[in-house]
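Engineer: Here is my input; please provide its structure:
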Amino acid sequence: MSKKVVIKIASLTKKRNISLRELSRLSDVRHAALSELSNGKRTNINFSHLEKIADALGISDIREIIDLVETADKD
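Structural biologist: This next block holds a predicted model:
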């Protein structure tokens, strides 16, 4: 088993009933970057993006944004 960092953009936007475009506007993070994070297609995480998202959504606990999950190893 290996571990993977998951950015919980989809659940954050759903919980707050906002779109990715609205989150992009609020956080000043490009829509494309948020979309890639949301879909798990971005492998590098820009910590300033996480800070901007947290600030825009009033989040003080980073665990609301990121999670560490176990994944099955591909053999």
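
Engineer: first vs last residue of stretch 54-63, how far apart are they?
Structural biologist: Taking C-alpha to C-alpha, to the nearest Å, stretch 54-63 runs 10 Å from one end to the other.

Engineer: Now that stretch: buried residues?
Structural biologist: Neighbour counts over stretch 54-63 (16 or more other C-beta atoms under 10 Å) mark 54, 56, 57 as buried. In this view, the C-beta of every residue, glycine as well, is placed from N, C-alpha and C.

Engineer: Narrow these to those in helices?
Structural biologist: Using DSSP state H, the subset of the buried residues of stretch 54-63 located in helices is 54, 56, 57.

Engineer: which residue packs closest to the first one, ignoring adjacent ones?
Structural biologist: To tie it back to what came earlier, the one meant is residue 54. residue 65 (6.2 Å; C-beta to C-beta, 6 or more residues apart in numbering).

Engineer: That neighbour: neighbouring residues, count only.
Structural biologist: 20 (other C-beta atoms under 10 Å).

Engineer: what do you get for residue 70?
Structural biologist: Residue 70, neighbours per other C-beta under 10 Å, totals 9.

Engineer: Need the three-state assignment for it.
Structural biologist: strand (DSSP: H, G, I helix; E, B strand; the rest coil).

Engineer: Identify the residues contacting it.
Structural biologist: Residue 70 makes contacts with 1, 2, 3, 4, as judged by C-beta atoms under 8 Å, 6 or more residues apart in numbering.

Engineer: In CSV: these, plus distance to residue 43.
Structural biologist: Below are those laid out as CSV (distance: C-beta to C-beta, whole Å):
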residue, distance to residue 43
1, 19
2, 14
3, 14
4, 10
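
Engineer: would you turn the ones in helices among the buried residues of stretch 54-63 into a markdown table with pLDDT?
Structural biologist: Putting those into a markdown table (pLDDT from 0 to 100) gives the following:
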| residue | pLDDT |
| --- | --- |
| 54 | 96 |
| 56 | 95 |
| 57 | 95 |
